[in-house]
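Colleague: this one's sequence-less:
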């Protein structure tokens with residue numbers, strides 16, 4: 001959906017416990033957003049509707065959504 005504007009990575013933290021510890025994941029699902037330097041800029045715990053994710057990314061200037069014609 002976002003093309004090369006951002007990188008989206010999914011981890012199975014039940015299997016990758018070191019990732020869960022590194023990012024302080026205590027509940028599933030948790031979304032952690034990092035900047036290009038690897039610093040956390042946003043965290044959301046629980047279901048995160050796609051429209052709200054898009055809104056956050058747009059406000060941060062991280063994506064430009066192109067309208068379908």
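Modeller: That came through, no problem. Note that the coordinates shown come from a computational prediction; the quantities given were computed from them, not determined experimentally.
Colleague: pull the number of nearby residues for residue 25.
Modeller: 20 (other Cβ atoms under 10 Å). Glycine gets a C-beta too; all of them are placed from N, C-alpha and C.
Colleague: give the contact list for the residue nearest to the spatial centre of the chain.
Modeller: When the chain is reduced to its mean C-alpha position, the nearest residue by Cα atoms, centre = their mean turns out to be residue 33, at 4.3 Å. For residue 33, the contact set (Cβ atoms under 8 Å, 6 or more residues apart in numbering) comprises 40-43, 56.
Colleague: how close does it sit to residue 63?
Modeller: 12 Å (Cβ to Cβ, to the nearest Å).
Colleague: over to residue 17?
Modeller: When distances are taken as Cβ to Cβ, residue 17 and residue 63 turn out to be 31 Å apart.
Colleague: again with residue 38
Modeller: 19 Å.
Colleague: more neighbours: those two, which one.
Modeller: When residue 38 and residue 63 are compared for neighbours, residue 63 comes out ahead with 16 against 6, by other Cβ under 10 Å.
Colleague: now do the contacts for that one.
Modeller: 2, 5-6, 54, 57.
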